[in-house]
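Trainee: fold the following, please.
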Amino acid sequence: MYNNKDRRPKIRLVGMGTGGSSGFSFASIEKLLQESPSKDTWFDAKLVCSKPCHGMNLISTELEDYLYNPCTGYRYVRSTREALVYIPNRIPSDRFRHDHAFTTGNKNVGLGFDPLMQEHPPLPVNDMPPAYLAGFLYWMSEPRLSQSKTSAILSFEIATKTFVVIQCPSCALTRHNRSPCKSFVVELEGMLCVVLANPFEEELDIWKMEHGQWDRAYRVCLKGWPGYSLGANVVVPMAVDPKDGRILLNTGSKLGLYDPTKRVIENLYDLDEVLRVKQTDESLHVEDKEKS
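Mentor: Below is the predicted model of the structure:
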């Protein structure tokens, strides 16, 4: 935070550390693209990395969770039985798409400042990772497991180890009940936001809570951008550029900057394309080797 003088979001991708199994490397897009043909760059298994929280990252795989500081190299490994905050009453993993980009197995863990297991929360939560903001973790509830059948936000205060239920924006609740929209929470510009993903309209409605009130902050129109289609992807807003208002979007395999004024996406990184190039290069290498 202190070294980011221009206060603009800095994008890093997580790759293999030195020796493959000894840790992780956090590299710029340009650097990772240059090193993409190297087999030492890629993981063999899926992982999910949280947004940084006071310099720390939570990296989750199906077998382990890593608390990692890329600046100091500090790493702490936890097994899946030692989740930082454990949330029971989850929907079984077979009820979700197996290619969900932001879940690993049936785990849901969040990164804060108190890593101890806490009490059972009053609401079951959905399959999206929580958002962290100013000493609190926030999850979106799962209406299909709740008696009320409506979405709400579950808030966990780390200092007091207490849970509170926060009401969602009324418009978001109405639209969620009438269509199979997916809702989840994120932190943007230091504020708690609710994202309502509508696959029929191919739109993200983003609501922000400011001074205790919900207001619509952004509408992201994704029609005409098949790589970011909400019918096939979970598209998560990660950050907002304070200088030009462009929104960083993440699908788990693509990164893009959305311009709310022009309604266009500048594609920054496409893992599928990188892997296709990598496979083509390997095929050509094998073919040349066979010829020789």
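
Trainee: give the contact list for Ser155.
Mentor: Phe136, Leu137, Tyr138, Phe163, Val164, Val165, Ile166 (C-beta atoms under 8 Å, 6 or more residues apart in numbering). Heads up, the C-betas are built off the backbone N, CA and C, glycines and all.

Trainee: host element of it?
Mentor: Ser155 is located in strand 152-157, with elements delineated by DSSP states H and E.

Trainee: now the very next helix or strand once past that strand and strand 152-157, what's the angle there?
Mentor: Using DSSP H and E, the helix or strand that directly follows strand 152-157 along the chain is strand 162-167. Counting by axes from the mean of the first three to the mean of the last three C-alpha atoms, to 10 degrees, strand 162-167 lies at 150 degrees to strand 152-157.

Trainee: what mean pLDDT does strand 162-167 get?
Mentor: Computed over strand 162-167, the mean pLDDT rounds to 84.

Trainee: equivalent analysis for stretch 103-119, please.
Mentor: The pLDDT scores in stretch 103-119 average 52.

Trainee: try stretch 191-211
Mentor: On average, stretch 191-211 scores 92.

Trainee: Gln34 in helix, strand or coil?
Mentor: Assigned with DSSP: H, G, I helix; E, B strand; the rest coil, Gln34 falls in the helix class.

Trainee: picking up where we left off before, adding neighbour count as columns, could you present the contacts of Ser155 in TSV?
Mentor: Listed next are the contacts of Ser155 as TSV, based on neighbours: other C-beta atoms under 10 Å:
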residue	neighbour count
Phe136	18
Leu137	26
Tyr138	23
Phe163	17
Val164	13
Val165	13
Ile166	16
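
Trainee: quick check, nearest of those to Leu204?
Mentor: Using C-beta to C-beta, Tyr138 comes nearest to Leu204 of those, at 17.6 Å.

Trainee: so in that sheet, which strands flank the strand holding Ser155, and in what orientation?
Mentor: strand 136-140 (antiparallel), strand 162-167 (antiparallel) (DSSP bridges).

Trainee: adding distance to Ile247, write those out as JSON lines.
Mentor: Listed next are the strands paired with strand 152-157 as JSON lines, based on distance: least, C-beta to C-beta, whole Å:
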{"stretch": "strand 136-140", "distance to Ile247": "19"}
{"stretch": "strand 162-167", "distance to Ile247": "23"}
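
Trainee: now for those, which one comes closest to Lys243?
Mentor: strand 136-140 (26.9 Å).

Trainee: which parts of the stretch 1-150 of the chain are helices?
Mentor: For the stretch 1-150 of the chain, the helices defined by DSSP state H, counting those that start in this stretch occupy 29-35.

Trainee: show me the shaky parts of it.
Mentor: 1-4, 17-23, 35-42, 44, 79-99, 101, 104-120, 122-123, 144-150 (pLDDT under 70).

Trainee: quick one, strands of the stretch 51-200 of the chain?
Mentor: Assigned by DSSP state E, counting those that start in this stretch, the strands in the stretch 51-200 of the chain fall at 57-60, 64-68, 75-79, 131-133, 136-140, 152-157, 162-167, 182-188, 191-198.

Trainee: which secondary structure elements does the longest one contact?
Mentor: Pointing back at strand 191-198 there. strand 131-133, helix 170-178, strand 182-188, strand 203-210, strand 213-221, strand 236-240 (3 or more C-beta pairs under 8 Å, 6 or more residues apart in numbering; DSSP states H and E).

Trainee: sheet partners, orientation included, of the first one?
Mentor: Listed by DSSP bridges, the sheet partners of strand 131-133 and their directions read strand 136-140 (antiparallel).

Trainee: again with the fifth one
Mentor: Each strand paired with strand 213-221, and its direction, by DSSP bridges: strand 203-210 (antiparallel).

Trainee: show me what counts as buried in the partner strand.
Mentor: Glu203, Leu204, Asp205, Ile206, Trp207, Lys208, Met209 (16 or more other C-beta atoms under 10 Å).
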